[in-house]
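Chemist: take a look and give me a structure for this.
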Amino acid sequence: MTAGSGTSSGEATVVLAHAKLTLSLRVTGRRADGYHLLDSEMINVDLADTLEFSAGEGFEVVDGGAGAGGYREVPTDGSNLVLRALALVGRQARVRLVKRVPAGAGLGGGSADAAAVLRWAGAIGPNALAMAATLGADVPFCLAGGGRATVSGVGEILEPLPLDDLDEKEYTLLVPPFGVSTADVYRTWDDMGGPVSENLNDLEPAALRVEPRLAVWRDRLGEAAGETPVLAGSGSTWFVRGAFPGAGRLVVHPCSPAPLPG
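Modeler: The predicted model follows:
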C-alpha cells in the first residue's frame, strides 16, 4: 500500500490517515466569534491510523500499539470526529479504526481520521475545505494539504509547498503519557495577553502553564538531541529535526498522502 492511499479489501475500502506535524505556529489574531487566526506550516508524516469502511453501520476502535488508547481513550460516541464527519457528509458505513497516532498529542490524529472520511466520501474542492474546517482547524490540511502547506485563517486557507524542498527528512517525536486540552491552551494564551514565543510555536508558553509537566519531557528530548525541542501544535508532543532514536522516542519522515484510487 502506498503512503496515504486507499485500497479495496473485498467489499471494504481501507484509507490511511496520516498524522500532521506543525513545524511552526503563529497566532495572528482572534475573530469576533472567538476563533483564533493562525499562520503555520504543517507536514504529513509516516505515522498513520487505518480506517476500514464497509457496508452497514457501526464504529470500532482498535488500539494499534502506539499509545493511542493509553493516556487518553478514544471516544466512540457522537463526539468522535469519524462519526461527526460521516454525519456531515450524510453517509453511512461500518468503520473499523486502528489507532496508531496517539490521541491528544497535538499530532492531528482525530483530524486525520475525519479527513479520511471526507476523502472516502469524495469531498473535494474549495467547498470541502470550508466543510472540513467546521470539524476542526487541522482537518482541511489533513484533507488537502498534499504533504506540506502553509495554513492560515482558522485552518481553511492552504498554500501547498513542495515536500521535496523540505530541508529535514527525519523528525524525532517524544510523546508524554498525558494529553493537553487545546481549548485550555488557547484560553490561557488569551489570558496571558497573547505571548509571542521565542521558539517556533506561540502556544508553547500557554501550554507550559496549563501543563507544567511538559517541561520535563521537553528537557528529556533536548538533552538527547542537543537542541531545544518545539511543541507540536497545542501539545503534548515535542519534536526536533533529525533522527535521535531511543527509549520512548519515535522517528518519523515527511510523506505525501496519495489520492484514493478511481
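
Chemist: use CA for all of it now, contacts and neighbours both
Modeler: Will do.

Chemist: endpoints of stretch 117-136, how far apart?
Modeler: By C-alpha to C-alpha, to the nearest Å, the extent of stretch 117-136 from end to end equals 14 Å.

Chemist: now do the strands in the chain.
Modeler: 6-9, 12-30, 36-54, 58-63, 94-99, 148-153, 157-160, 171-174, 230-231, 238-241, 249-252, 254-255 (DSSP state E).

Chemist: right, so those: which one is the most enclosed?
Modeler: Of all those, strand 230-231 has the most neighbours on average by mean count of other C-alpha atoms under 10 Å, namely a mean of 28.

Chemist: if we can go back for a sec, which of the strands of the chain sits closest to Gly222?
Modeler: Proximity to Gly222 (C-alpha to C-alpha) singles out strand 238-241 among the strands of the chain, at 8.1 Å.

Chemist: need the helix or strand of this structure with the lowest average pLDDT.
Modeler: Every helix and strand in the chain was compared by mean pLDDT, DSSP states H and E; the lowest is strand 6-9, with a mean of 48.

Chemist: which residue is nearest the middle of this protein?
Modeler: The C-alpha lying nearest the average C-alpha coordinate of the chain belongs to Gly108 (C-alpha atoms, centre = their mean; 1.5 Å).

Chemist: from Ala12, how far off is that residue?
Modeler: Separation of Gly108 from Ala12 (C-alpha to C-alpha): 24 Å.

Chemist: state the number of residues packed around Thr76.
Modeler: Counted by other C-alpha atoms under 10 Å, the residues lying close to Thr76 total 14.

Chemist: distance of it relative to Ile43?
Modeler: 27 Å.

Chemist: and what of Glu60?
Modeler: In terms of C-alpha to C-alpha, Glu60 sits 28 Å off from Ile43.

Chemist: walk me through the domains of the protein.
Modeler: What automatic domain parsing lists as the domains of the chain is 6-165, 171-252.

Chemist: select from the ones you listed the stretch with the lowest mean pLDDT.
Modeler: The minimum mean pLDDT among those belongs to domain 6-165 (a mean of 88).

Chemist: hmm, the residue nearest to the centre of the chain is touching Asp138, no?
Modeler: Yes - applying C-alpha atoms under 8 Å as the test, Gly108 and Asp138 come out as touching, 6.5 Å apart.

Chemist: for stretch 227-237, buried residues please.
Modeler: By neighbour count on 16 or more other C-alpha atoms under 10 Å, the buried set for stretch 227-237 is 228-237.

Chemist: returning to what we had before: of all the strands of the chain, which one is nearest Arg218?
Modeler: Of all the strands of the chain, it is strand 238-241 that lies closest to Arg218, at 6.2 Å by C-alpha to C-alpha.

Chemist: wait, Arg249 touches Leu174, no?
Modeler: Yes - taking contacts as C-alpha under 8 Å, Arg249 lies within contact range of Leu174: 4.9 Å.

Chemist: tell me how many other residues crowd Lys169.
Modeler: Lys169: 16 surrounding residues under other C-alpha under 10 Å.

Chemist: ok, for it, nearest residue in space, not its chain neighbours?
Modeler: His253 (5.8 Å; C-alpha to C-alpha, 6 or more residues apart in numbering).

Chemist: and that neighbour, what does it touch?
Modeler: By C-alpha atoms under 8 Å, 6 or more residues apart in numbering, the contact set of His253 is 45-46, 169-171.

Chemist: now it: how far from Ala103?
Modeler: Distance, His253 to Ala103, by C-alpha to C-alpha: 19 Å.

Chemist: with Ala32 instead?
Modeler: In terms of C-alpha to C-alpha, Ala32 sits 30 Å off from Ala103.

Chemist: ok, now Leu129?
Modeler: If you measure Leu129 against Ala103 using C-alpha to C-alpha, the figure is 23 Å.

Chemist: tell me how many other residues crowd the nearest residue to Ala115 once chain neighbours are set aside.
Modeler: Spatially, and ignoring its direct neighbours in sequence, Ala115 is nearest to Leu143 (4.7 Å; C-alpha to C-alpha, 6+ apart). Leu143 has 27 neighbours, counted by other C-alpha under 10 Å.
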